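Asks: Just the structure for this:
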Amino acid sequence: MTREILIISLMFLFSALCIAWQVIRTGQQITYVTLADGRRQERSLPMLLRLMLPFAASVPGFIVNHPSLEENRRRISRKLVAGGYEGLIDAEEVIGLRMLMPLGFGIFVCVVLHLAIRQMSGVLGEFMANRQEILYFLMLLMLAFYTDYWLNTAVKTRHRSIERALPFVLDLLTLSVESGMDFMTGIQRIIQYREIDPLNEELIRVFREIQVGRSRKQALRNMAERIDHADIRSVTNALVQADELGTGIGVALRIQSDQIRVKRFQRAEKLGNEAPVKMLFPLVAFIFPAVFMVLLGPVLLQMFTRGGF
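Replies: This next block holds a predicted model:
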């Protein structure tokens, strides 16, 4: 009997070491996306998605490619492009991860949670044991929506980066055009001397599309469709309209730069006005109790020790 227990323990130890080795190996992997000019830019997926991504291909094709999910696949593809993950992961893999996260990784998490609850004792252990089903359901629900949360967060993060860089880039492009350079030369100078960021990646793609023969109007509209942001759409529409009417691009760029700065100031003012409301909950839930315990804690402790209550 002891030999069988030893063999089973060694098998579990070997399995745990294999899992740990796979986790470490996955965490050390670096993934890249290829820019329009051939350069590679690092773009990493979250650890959970990297662990489950190799198993996404095991989801049957008739599920992820079902006609009823066509609109969902198009929406996910647009978000992947807007978030900067085009070519690194596709819509079918995202749909597969949606299913695998609660079914595969979720079951493993629930088993670990069950073993942890069994080891607890006292009031906390009893409280957790009586609510295991609720905890399992919440855990599976969080994992089911984790992929969508990551994708929406990636899009918002990329949009914020573009919002911060857009006024400065428009100023540089305005100065370049007004100093006598043409539009293509101005974009080339910007992408040549600025560090690679989301806006620079899109400008590189616009520059390459125009180089291979696509019209400036179509290249700008493609950029607005990829980024899917109101400020970029406004700038591209102004540039396309100036190109069609034959007016000066520098004037359109300067007007758009001023408008975007006003919008950015209004967004910052709105966030500043929302800050006191957002700070109300942590203030009431954490800061006030901490101050209460610091000020009255010693007094209450003395009263308890002296039998005051």
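Asks: I'd like the domain boundaries of this structure, if you could list them.
Replies: 15-158, 161-265 (automatic domain parsing).
Asks: who wins for proximity to Pro289 among these?
Replies: Smallest distance to Pro289 across the domains of the chain (Cβ to Cβ): 19.5 Å, for domain 15-158. (Each C-beta comes from the backbone N, C-alpha and C, glycine too.)
Asks: from the chain's centre, how far out does the closest one sit?
Replies: The chain centre lies 12 Å from the centre of domain 15-158; the measure is Cα atoms, centre = their mean, to the nearest Å.
Asks: returning to what we had before: most tightly surrounded among the domains of the chain?
Replies: Among these, domain 161-265 has the highest mean neighbour count (mean count of other Cβ atoms under 10 Å), at a mean of 17.
Asks: Distance from the chain centre to that one, please.
Replies: Chain-centre distance of domain 161-265: 25 Å, with Cα atoms, centre = their mean.
Asks: do stretch 277-297 as well
Replies: Offset of stretch 277-297 from its chain centre (Cα atoms, centre = their mean): 31 Å.
Asks: show me where the chain has strands.
Replies: Using DSSP state E, the strands of the chain run over 32-34, 40-42.
Asks: Least confident of the domains of the chain, on average?
Replies: Mean pLDDT is lowest for domain 15-158 among the domains of the chain, at a mean of 80.
Asks: Next one: the closest residue in space to Gly186 that isn't next to it in sequence from Leu88, what distance?
Replies: Once flanking residues are discounted, Gly186 sits nearest to Ser176: 3.3 Å by Cβ to Cβ, 6 or more residues apart in numbering. Distance from Ser176 to Leu88, counting by Cβ to Cβ, to the nearest Å: 32 Å.
Asks: Ser234 now?
Replies: Taken as Cβ to Cβ, the span from Ser234 to Leu88 is 29 Å.
Asks: same deal with Glu269?
Replies: Note on Glu269: its distance to Leu88, by Cβ to Cβ, is 36 Å.
Asks: now do His159
Replies: Distance from His159 to Leu88, by Cβ to Cβ: 18 Å.
Asks: so what's the closest residue to Leu141 other than its chain neighbours up against?
Replies: Leaving aside its sequence neighbours, Leu141 sits nearest to Pro102 (Cβ to Cβ, 6+ apart; 7.8 Å). Listed by Cβ atoms under 8 Å, 6 or more residues apart in numbering, the contact set of Pro102 reads Leu140, Leu141, Leu143, Ala144.
Asks: switch the cut-off to 6 Å
Replies: Applying Cβ atoms under 6 Å, 6 or more residues apart in numbering, we find Pro102 in contact with Leu140, Leu143, Ala144.
Asks: And it, how close does it get to Gln259?
Replies: Distance, Pro102 to Gln259, by Cβ to Cβ: 44 Å.
Asks: before we move on, what about Arg158?
Replies: For Arg158 relative to Gln259 (Cβ to Cβ), the value is 21 Å.
Asks: And for Leu48?
Replies: 40 Å.
Asks: now swap in Val240 and tell me
Replies: Computed as Cβ to Cβ, the Val240 to Gln259 distance reads 16 Å.
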